[in-house]
Every structure is written in structure tokens, then in C-alpha cells.
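Q: this one's structure only:
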């Protein structure tokens, strides 16, 4: 996807298998036209906060939802969440943590930092694909965000 195009979903996922499954599920349900895949926390912050050196992204085009894994290289997902919710420009963008962690401390800290939803990735492919599709439908089609 060209970084100048408006993005609807930002998928921040370092596991290529999980990223591919999520993208496939979104595509199957017609929700993958405007998805940006980012593979580490530093890349995610650069993209979301407009701090990348290329200047290729118009930060005024805000995504409708961010799907965030917690276990990321370079900058972990909780720090990404902290920074997104601390920035006035990105604070109101819904963030859904989508992770394998069922640790109570991760759940509590995510909500303390302002996450909009916390979903544990199902191990089963069909359940994982259905979870992603359900999230996509809700956040892209049903949820209303300020403009």
C-alpha cells in the first residue's frame, strides 16, 4: 500500500504467520483494501506519529482501528500503546490488542493505558480468522469515531 493512501486498519504484528492469517481473514470479508502491516514497535510509532524520515504518510488520514500485538521487537506493544494514547493526534484512534498473552498484568496494564479492546488470539485457525473478521466488521463498519 502506498503510504499516501488513507489507511483504515493498521496491523502491528511481527509474526509473519499471524499477520498472513489476519490479512487473509480481512481480505476474505472484503476488509483488507486499506491495511498497513507494520512489523515492529519502532516502525509502528514512526508510522502512526509521523516521525519517519521519509515523510511519505499524511498523518491527517487517521486509521479507523489499530490491531496491536504486545510482543514486538524494538519497542514492545505496551510502549506503543502508551505513546499512541499519550499523543493528542492519535489518542482517539481505537486500539485493539490482539495477542497470545493471557497474563493478567498485560490485560490490566493495557486497559490502564487506554486500550479499547483486548483479545487473546485463538490457536485454532478458523476461530482466529473469525475473530479478525468480527473485529474488522465492528471497528470499520459499526463503530463511529470523531473526525
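A: Yep, it's here. This structure is a prediction, so every number in the text was calculated from the model and none was measured. Numbering: from 1, shown residues only.
Q: scan the helices and strands of the chain for the one with the lowest mean pLDDT.
A: Between all helices and strands in the chain, the lowest mean by mean pLDDT, DSSP states H and E belongs to helix 125-137, at a mean of 81.
Q: quick check on the residue most central in space within the chain: phi, psi?
A: Relative to the mean C-alpha position of the chain, the nearest C-alpha, by Cα atoms, centre = their mean, is the one of residue 67, at 2.1 Å. According to degrees, to the nearest 10, the main-chain angles of residue 67 amount to phi -100, psi 120.
Q: likewise residue 97?
A: phi -80, psi 130.
Q: what's the answer for residue 143, then?
A: As for residue 143, its main-chain torsions (degrees, to the nearest 10) stand at phi -70, psi 140.
Q: which one is residue 119 nearest to, not counting chain neighbours?
A: Spatial nearest neighbour of residue 119, chain neighbours left out: residue 98 (5.1 Å); criterion: Cβ to Cβ, 6 or more residues apart in numbering. All C-beta spots, glycine's among them, are computed from the backbone N, C-alpha and C.
Q: how many residues are close by the residue lying closest to residue 62 once chain neighbours are set aside?
A: Using Cβ to Cβ, 6+ apart and skipping the chain neighbours, the partner closest in space to residue 62 is residue 93 (5.7 Å). A count of neighbours around residue 93, defined by other Cβ atoms under 10 Å, yields 19.
Q: so who does residue 93 touch?
A: 48, 62, 63, 64, 65, 66, 84, 145 (Cβ atoms under 8 Å, 6 or more residues apart in numbering).
Q: helices of this protein, start to end?
A: According to DSSP state H, the chain carries its helices in the segments 16-28, 41-49, 77-86, 104-112, 125-137.
Q: against which helices or strands is the last one packed?
A: When you say that, I think you mean helix 125-137. Applying 3 or more Cβ pairs under 8 Å, 6 or more residues apart in numbering; DSSP states H and E, one finds that helix 125-137 makes contact with helix 16-28, strand 65-68, strand 95-99, strand 117-120.
Q: for that helix, the distance to its chain's centre please.
A: For helix 125-137, the separation from the chain centroid amounts to 14 Å (computed by Cα atoms, centre = their mean, to the nearest Å).
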